[in-house]
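Engineer: Here is the input, now give the coordinates:
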Amino acid sequence: MALLGSAPVAHAAPKTVVAESVLAGARAGAADDGEEQAFTPEESEAQAALVAAEDKRLDQVRAVAAVAPLKGAKWSQPYRLDTGSGYTLVLTARTKPYSVSDLLSLAPQTFVRKRDGSYLLTENLYLNAGAKLKLSNPGGLTIRMASSNKGFVSIVSFGGRLTLEGTAQAQMKIGSWDTRTNKPDTDVRDGRAYIRAIGGQFDMKYATVGDLGFWSGRTGGLSLTGTDRPDTGNIDGPDTPTGDDLNQREREEAADKAEEEAEQTPSSGGVLAQPPGELTTPDSRFTVPDMSYVSAEVDHSTVTGNTYGLFVSGATGVSITDTKVLKSFQDGLVLHRYVTNADVERTLSKDNGGNGFVLARATQQVQVTGSTARGNGGNGFTLSGRPLASGPSASGESISSYGNNSVSNSTAEDNGRYGIEILGGVDVGVQNNNVRGGDMGIVARKDASKVAITGNRLKGQIRQGISVRDGVTAAQITGNIVENADTGVYIRDSVAEVRGNTVQDATNHGVSMVGGVGGSTISYNVIAGVGPSAVDTVRAGGDMDIKKNQTFAWHDTSSFWTKFRHYASPMTLLWAFILLLILLSAVMGQRRHGSRGRGRRGRAHPYADKQPLPVPPPTEIRLAAHHPQSQNHSQNQQHPHNRVPVMTHDQW
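Structural biologist: Have a look, this model is predicted:
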């Protein structure tokens, strides 16, 4: 549907696809920064081209909006631009917020009330600096933004104030709508409607936003981004001067000029139109700090089915409370770049394809409390404080780390990767959280410094309950309870104080130290479980202070040789060798003492083999053996010369 039949609602895409395949593909595994790839190269190029076309359209609108007031008083009223790919209704600054009734009057053909009471928007809306748009209705409000393979529309505020407000009994609802199927648009590969606030203020209360966005963060669904140009709009400024404020001559000159401009520019119902042209467009990168930030307040709202659930960058003073972010194709709540002084309280991020909560690089002073990340494809919470550059760079970014962020009194449950992951940064706190399931519970790595992991309760991790590795320094791991993990606390190539923790039902190690961990302390921990060792230091290097750990409830299942290797330190082996020498010397001395005693008591002469053979006594051989005994006896006495001495056979 196009206004006056001259252009489509927005960007057209040549492909139509099955929504279910998009949903299946968009939930791939998460990378370190929460980014996912779920499309073919052709599909990726098509979506990137749509993002670039949106950037160009907004640049043209911004450029025209900057010079329009110089053309006369009429250009200070709302007007329409034809940007070639669709119409954009520009709402200019005034004191009173624009409302639903104003949109019906300004765009009667592109903002239409349907039979079911909802409103269908088939035109882009753009809030100029200082303009205010409040989408609210006491009895509830439903706005459907046209989005199909033929094109999509957007609502963009540049330095204005955008408010989406309902009540607890009747929420305000806004989302994409495919007019062909009369259903929300779930196909992101041909682009999809989105809402974006660039600078200015954004408020959302008791609202439901769903099925918006595609490809990038700034077009990801509901995006709150800063701008690299100063916000010169005065949100509470006066209305545009009226004819009553001008003298007679000025009124006559203004009337003549307006009549001349009206002849050159077509109009309809007081809404002016201007054809697109070749304009000098400003830069469209909206991530440079210290210029204009967006401030936002989101309360008691629900964001569901977006590409990125709620995307925030270049913002200060952000408050997100009692909000649900559900079923996003990528990450749930993303605080991307240059977000400072943000509070996230009692917020649920559930069933998102990537991470539940992301505090990306260059975010500082962000506190997440009382929130829950459950069933997400990546991490429950990701806190990255790594510097934007490691040295000279084209953008000249700082090499310093970011930090002062914390997650406390929150829950991470059954997420696909880690419960809470810390990537670099300084002064990061993870306190009093409940982490269940996942591959690992709480992970700190990438040269993080001054990390406090205290008072957390972790249960049922596949590998490690708490893991501190890869260059982390000054980490404090105190007062945590780790249950049913393979390894309770794992430290690798980092320096940490592991004190006062309780490890229960571990199945491998209670505390494991690996690599360069010199300067670490392991003390006053209570460790129970079954496995090779309660405190594993076999693979550790450097001096550690290990004392007063209670391991009496640990059942050691290691083999003899494992235990031998465990205790076979160089010093232990040295003392064992010395003791063995002493025992051997004592045994040999005892044997020599016993030998001397036996020699004095009649032991065989040492030269017994050199003595002459013994001479046996002589025996007699009778010569006349046939005489009787008596005759022989008498004859022997009478003839003694008949006796011949000989040796017996045994004496030969």
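Engineer: could you say which helix or strand contains the residue most central in space within the chain?
Structural biologist: In the chain, the C-alpha nearest the mean C-alpha coordinate belongs to residue 382, at 3.0 Å (Cα atoms, centre = their mean). Per DSSP states H and E: residue 382 is located in strand 381-385.
Engineer: what helices or strands is that strand leaning on?
Structural biologist: On a contact count with 3 or more Cβ pairs under 8 Å, 6 or more residues apart in numbering; DSSP states H and E, strand 381-385 meets strand 357-359, strand 418-424, strand 426-431. C-beta coordinates here come from the backbone N, C-alpha and C atoms, glycine included.
Engineer: Identify whichever of those strands lies nearest to residue 218.
Structural biologist: Evaluated with Cβ to Cβ, the helices and strands packed on strand 381-385 place strand 357-359 nearest to residue 218, the distance being 15.2 Å.
Engineer: other SSEs contacting that closest one?
Structural biologist: Against strand 357-359 (3+ Cβ pairs under 8 Å, 6+ apart) you get strand 333-335, strand 364-369, strand 381-385.
Engineer: okay, the last one in CSV with CA atoms only?
Structural biologist: As requested, C-alpha coordinates have been extracted for strand 381-385 and formatted as CSV (Å, rounded to 0.1, in the frame of the first residue of the first chain):
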residue,chain,number,x,y,z
PHE,A,381,24.8,-12.6,31.4
THR,A,382,27.9,-11.3,29.5
LEU,A,383,29.9,-8.5,30.8
SER,A,384,32.7,-7.2,28.5
GLY,A,385,35.1,-4.5,29.7
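Engineer: Tell me where the stretch 101-250 of the chain is predicted with low confidence.
Structural biologist: The model of the stretch 101-250 of the chain has pLDDT under 70 over residues 227-250.
Engineer: thinking again about what came up before, please pull up the helix or strand immediately following the strand holding residue 382.
Structural biologist: Moving toward the C-terminus from strand 381-385, the next helix or strand (DSSP H and E) is strand 406-408.
Engineer: neighbouring contacts of that following strand?
Structural biologist: 357, 366-369, 371, 381, 383, 420, 428-433 (Cβ atoms under 8 Å, 6 or more residues apart in numbering).
Engineer: cool, and stretch 302-310?
Structural biologist: 26, 171, 175, 184, 186, 188, 192, 207-215, 217, 219-224, 298, 320, 323-334, 349, 352.
Engineer: Out of the residues you listed, which sit inside strands?
Structural biologist: Counted as lying in strands by DSSP state E, out of these, are 175, 207-210, 221-224, 298, 320, 324-326, 333-334, 349.
Engineer: Walk me through the domains of this structure.
Structural biologist: According to automatic domain parsing, the chain comprises the domains 38-236+283-389, 418-576, 621-651.
Engineer: ok, the residue nearest to the centre of the chain touching residue 361?
Structural biologist: No. Between residue 382 and residue 361 there is no contact under Cβ atoms under 8 Å: 10.8 Å.
Engineer: thinking again about what came up before, any chance of a markdown table for the helices and strands packed on strand 381-385, columns mean pLDDT, distance to residue 477 and mean neighbour count?
Structural biologist: Output for the helices and strands packed on strand 381-385, formatted as a markdown table (pLDDT from 0 to 100; distance: least, Cβ to Cβ, whole Å; neighbours: other Cβ atoms under 10 Å):
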| stretch | mean pLDDT | distance to residue 477 | mean neighbour count |
| --- | --- | --- | --- |
| strand 357-359 | 98 | 21 | 30 |
| strand 418-424 | 98 | 12 | 28 |
| strand 426-431 | 98 | 10 | 22 |
